[in-house]
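Engineer: Give me coordinates for this.
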Amino acid sequence: MNILKRLHHRPPYLLIHQVIDHNPVVLTALSQPKGEEFFLQGHFPDAPVVPGAIMQEMTTQAAGLLITEHYSPVADYDSETTKGWALGVLRAVHSAKYKRFARPGEKLEIRVELLDHLENSFRFKARIEVQGDIVMRNEFTLINISEDKLKGL
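Structural biologist: Take a look at the predicted model:
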């Protein structure tokens, strides 16, 4: 899957590095913070850990990939050329539980599962693991909205 084609996000805020596998219900991806990322600067000095909000965003971006690949309102969605839609915008975080820290150099495996969708609303559960060890679990809802609404027009 071409991540840049499917997501509007760009470095330094593009957090998904690779998609391992996907189908219309589940997507598995990888992220591997190296240590120089903006979100690790000062979080925390001499003990850098990936912020919880960034891990939430990793799961959101992975779910956005699933939506654009399998549930786009336009055929072959391309973030560079498709106009009129903002796909996978975060609407709500229903729960989030953090089990351990994620540190630079660790390979974070992100798994999102579509629980339900109705029209342009998609509810997911997700988890991030490091070598089978759960780092966090969450549930959230993404929506597809008009590009004008995203831009405040």
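Engineer: okay, CA-based contacts and neighbour counts for the rest of this
Structural biologist: Noted.
Engineer: contacting residues for the spatially most central residue of the chain?
Structural biologist: In the chain, the centroid-proximal residue (CA atoms, centre = their mean) is Gln61; its distance is 1.9 Å. For Gln61, the residues meeting the contact criterion (CA atoms under 8 Å, 6 or more residues apart in numbering) are Leu7, Leu15, Ile16, Gly88.
Engineer: That one should be in a strand, yeah?
Structural biologist: No. Following the definition DSSP: H, G, I helix; E, B strand; the rest coil, Gln61 is helix and is not counted among the residues of a strand.
Engineer: Could you export the contacts of Gln61 as JSON lines, including secondary structure?
Structural biologist: Written out in JSON lines, the entries for those read as follows (three-state DSSP):
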{"residue": "Leu7", "secondary structure": "coil"}
{"residue": "Leu15", "secondary structure": "coil"}
{"residue": "Ile16", "secondary structure": "coil"}
{"residue": "Gly88", "secondary structure": "strand"}
